[in-house]
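A.B. asks: Dropping the sequence and predicted coords here.
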Amino acid sequence: GGVDDGGGHQQQGNKTKESDACVKQVVVMGAGRDTSYLRYIDSKLIDGSNALGHHYRQETRRERVRWYEVDHPGVMHKKMALLKTSPRVIMDEMQKDATGNVSYAVDVRPRNEGIASSTTATKGQSDLDNTGSMDMMDVDLRGQKLESSLPTNGAILPYHLIGFDLRLSPLQLFETLQSALHGFDPSVPTLFLFECVLMYLPESSAISLLRGVSSVCGPNAIVAIYDPVLGNDGFGRVMEQHLTRAGVAVPPTIDSNDQLCLTACRTIDSHLDHLTACGFDIAIGCDMLAAYDTVIGLAQRARANAVEMLDEIEEWMLIMRHYCLVVAGITTGSEIDLASHLCSAGDHSPLGFLSTKSVMRRTTSKH
């Protein structure tokens, strides 16, 4: 918590927390080498409409979104090394956790904003250099304050890399997120994104993490999950066999009742059960075949279809039916009721969920 300074701001240590209601946050769990933030600031992440015709365009003022990426410390350390050594994005400033934790606060921008840099890309260094793709993280390090815990002006930088093992207590994670360096604010709307992440966690760790999100952020949290759903059919059993041989779907040990979320959540209904048990009072989900029809827009589908010729349509449909998109939130105590809006189904659904192709769950929240 903070102390009001009498001017509409809250002081938290030597950090000023902005009262600007337009500030939003994105937390990408298990981010790996994902480059969504770089595509976001380069205006290449979202621009179009879903299949129901609802238009959406990303906020172009990137300072209004704080972006947090969380993954194992070793992964975040390597990602920061990539950011330091690549020449296609300019890094204006980088702050490092002074206590020894692997966490960084960064301000980066695409080189095409027109600011001259101190280094130039080596011709032919990457096949992506001539395409404008942001899939490789190319950055020019411009900041010098590598060991300081805060920018000199007290502002919170927009991009954060947090090294954390998601199997540990989420209280530790939120303690790091809410530190002066990272400035995470649980009182503003926040999207928590889990893209093929929960599947790798023990069920108990996944439940603990989701409960942590709901208890800390309450109605300001929106959770979006993309994960396999093995089901109980033949195709799902073959998937499970392949993942077991790959060391992913490892059976639980004899002396433990815990199992991976991958095998514990075999259906969309089981994902919804998890979420409602963890404090979210509204949730909606569909398989990815339905999402491809209604959630993914025409422009996005055209781009995906152009990537590779597909001649096994039946197999593709089976795969899509064994992955899901689930969105959840909390309606109780919310002033704007963002959760009800995003978890709605029908012609007015902003995300494109249709009641005939999705499953919805509502409960009485304990918040």
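C.D. replies: Yes, it's here. Numbers count the residues shown, from 1 in each chain.
A.B. asks: can we go C-alpha only for contacts and neighbour counts from here?
C.D. replies: OK.
A.B. asks: my read is residue 186 is in a helix, agree?
C.D. replies: No: applying DSSP: H, G, I helix; E, B strand; the rest coil, one finds residue 186 to be coil, outside a helix.
A.B. asks: Let me know whether it touches residue 220 as I believe.
C.D. replies: Yes: counting by C-alpha atoms under 8 Å, residue 220 is a contact partner of residue 186 at 7.0 Å.
A.B. asks: okay, these two: which has more neighbours?
C.D. replies: residue 220 (27 against 19; other C-alpha atoms under 10 Å).
A.B. asks: And that one, its phi and psi?
C.D. replies: Main-chain torsions, residue 220, degrees, to the nearest 10: phi -80, psi -10.
A.B. asks: Give me the buried positions along stretch 342-359.
C.D. replies: Going by neighbour count (16 or more other C-alpha atoms under 10 Å), the buried part of stretch 342-359 is 342-345, 349-354, 357-359.
A.B. asks: Identify those among these that sit within strands.
C.D. replies: If you go by DSSP state E, the buried residues of stretch 342-359 have residue 359 in strands.
A.B. asks: In helices only, show me the buried residues of stretch 342-359.
C.D. replies: Taking DSSP state H, the ones among the buried residues of stretch 342-359 that sit in helices are residue 342.
A.B. asks: any chance of the buried residues of stretch 342-359 in TSV, with pLDDT and distance to residue 283 too?
C.D. replies: Formatted as TSV, the buried residues of stretch 342-359 follow (pLDDT from 0 to 100; distance: C-alpha to C-alpha, whole Å):
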residue	pLDDT	distance to residue 283
342	94	9
343	96	6
344	95	9
345	95	11
349	92	13
350	92	14
351	93	13
352	92	14
353	95	12
354	94	13
357	95	14
358	96	10
359	96	8
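A.B. asks: what about the helices in the protein?
C.D. replies: Using DSSP H, helices in the chain cover 36-41, 73-85, 170-177, 203-217, 234-245, 261-264, 268-277, 288-294, 298-305, 313-321, 338-342.
A.B. asks: Can you add distance to residue 364 and give the ones you listed back as JSON lines?
C.D. replies: JSON lines is the format used below for the helices of the chain (distance: least, C-alpha to C-alpha, whole Å):
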{"stretch": "helix 36-41", "distance to residue 364": "34"}
{"stretch": "helix 73-85", "distance to residue 364": "37"}
{"stretch": "helix 170-177", "distance to residue 364": "24"}
{"stretch": "helix 203-217", "distance to residue 364": "14"}
{"stretch": "helix 234-245", "distance to residue 364": "33"}
{"stretch": "helix 261-264", "distance to residue 364": "24"}
{"stretch": "helix 268-277", "distance to residue 364": "9"}
{"stretch": "helix 288-294", "distance to residue 364": "27"}
{"stretch": "helix 298-305", "distance to residue 364": "36"}
{"stretch": "helix 313-321", "distance to residue 364": "30"}
{"stretch": "helix 338-342", "distance to residue 364": "13"}
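A.B. asks: Just give me the lowest mean pLDDT stretch among those helices.
C.D. replies: Lowest mean pLDDT within the helices of the chain: helix 298-305, a mean of 83.
A.B. asks: how far is that helix from where the chain is centred?
C.D. replies: 22 Å (C-alpha atoms, centre = their mean, to the nearest Å).
A.B. asks: Are there helices or strands packed against that helix, and which ones?
C.D. replies: Under the contact definition 3 or more C-alpha pairs under 8 Å, 6 or more residues apart in numbering; DSSP states H and E, helix 298-305 sits against strand 47-49.
A.B. asks: Mind checking the pLDDT average for the strand it packs on?
C.D. replies: Taken as a whole, strand 47-49 has a mean pLDDT of 56.
A.B. asks: that older thread, list just the nearest of the buried residues of stretch 342-359 to residue 279.
C.D. replies: Within the buried residues of stretch 342-359, the smallest distance to residue 279 is 15.2 Å, found for residue 343 (C-alpha to C-alpha).
A.B. asks: just checking, the closest one touches residue 286?
C.D. replies: No: counting by C-alpha under 8 Å, residue 343 stays clear of residue 286, with 11.3 Å between them.
A.B. asks: Return every residue with contacts to both of those two.
C.D. replies: Taking C-alpha atoms under 8 Å, 6 or more residues apart in numbering as the contact rule, residue 343 and residue 286 both touch residue 353.
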